[in-house]
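*Asks:* could you work out the structure for the sequence below:
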Amino acid sequence: MTATEASRNFAAVLDAAERGEEIVITRAGRRLALIGPAPAGNGAALNDILASCRPDDSFASDIAAARSLTTDELGATWPGA
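*Replies:* Have a look, this model is predicted:
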């Protein structure tokens, strides 16, 4: 699909990506970009990063203090607080 076509039909391009299709965007006959579905995240990578980067004691204390002051819409405290 040309860049002009993609621009004019961007909603359709997003619909195709949502269905799992990958769309190659070209300009002047050259491949310029690839638009496709975004990878789904399950939080495992974030957990790995957080597990490998422990805060120092002072920062951990600040986090604990902030958590103790927070509640959700129903009044429940932050998990682990």
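*Asks:* contacts and neighbour counts: CA atoms only from here.
*Replies:* OK.
*Asks:* okay, now the closest residue to Gly20 other than its chain neighbours: neighbour count?
*Replies:* Sequence neighbours aside, Pro37 is the residue nearest to Gly20 in space, at 5.5 Å (criterion: C-alpha to C-alpha, 6 or more residues apart in numbering). Using other C-alpha atoms under 10 Å, Pro37 has 15 neighbouring residues.
*Asks:* contact partners for Pro37?
*Replies:* Going by C-alpha atoms under 8 Å, 6 or more residues apart in numbering, Pro37 touches 17-22.
*Asks:* show me which of those is closest to Ala60.
*Replies:* Distance to Ala60, by C-alpha to C-alpha, is smallest for Glu18 among the contacts of Pro37, at 40.1 Å.
*Asks:* could you look up the SS state of the residue lying closest to that closest one once chain neighbours are set aside?
*Replies:* Nearest non-adjacent residue to Glu18, counting by C-alpha to C-alpha, 6+ apart: Pro37, 5.7 Å away. In terms of secondary structure, Pro37 is coil; the call rests on DSSP: H, G, I helix; E, B strand; the rest coil.
*Asks:* quick check on Ile25: phi, psi?
*Replies:* phi -100, psi 130 (degrees, to the nearest 10).
*Asks:* who's in contact with it?
*Replies:* So Ile25 contacts 1-3, 6, 31-35 (C-alpha under 8 Å, 6+ apart).
*Asks:* buried only: go through those for me.
*Replies:* Taking 16 or more other C-alpha atoms under 10 Å as the criterion, what is buried in those is 2-3, 6.
*Asks:* including pLDDT, could the residues you listed go into a markdown table?
*Replies:* Below are the buried ones among the contacts of Ile25 laid out as a markdown table (pLDDT from 0 to 100):
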| residue | pLDDT |
| --- | --- |
| Thr2 | 97 |
| Ala3 | 96 |
| Ala6 | 96 |
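*Asks:* output the one helix or strand in the chain whose mean pLDDT sits lowest as CSV, restricted to C-alpha atoms.
*Replies:* Sorting the helices and strands of the chain by mean pLDDT, DSSP states H and E puts helix 44-52 at the bottom, at a mean of 78. Written as CSV, here are the backbone C-alpha positions of helix 44-52 (Å, rounded to 0.1, in the frame of the first residue of the first chain):
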residue,chain,number,x,y,z
ALA,A,44,6.2,-11.1,32.7
ALA,A,45,8.9,-8.9,31.2
LEU,A,46,7.9,-6.1,33.6
ASN,A,47,8.1,-8.5,36.6
ASP,A,48,11.5,-9.7,35.4
ILE,A,49,12.8,-6.1,35.3
LEU,A,50,11.3,-5.2,38.7
ALA,A,51,12.8,-8.3,40.2
SER,A,52,16.3,-7.5,38.9
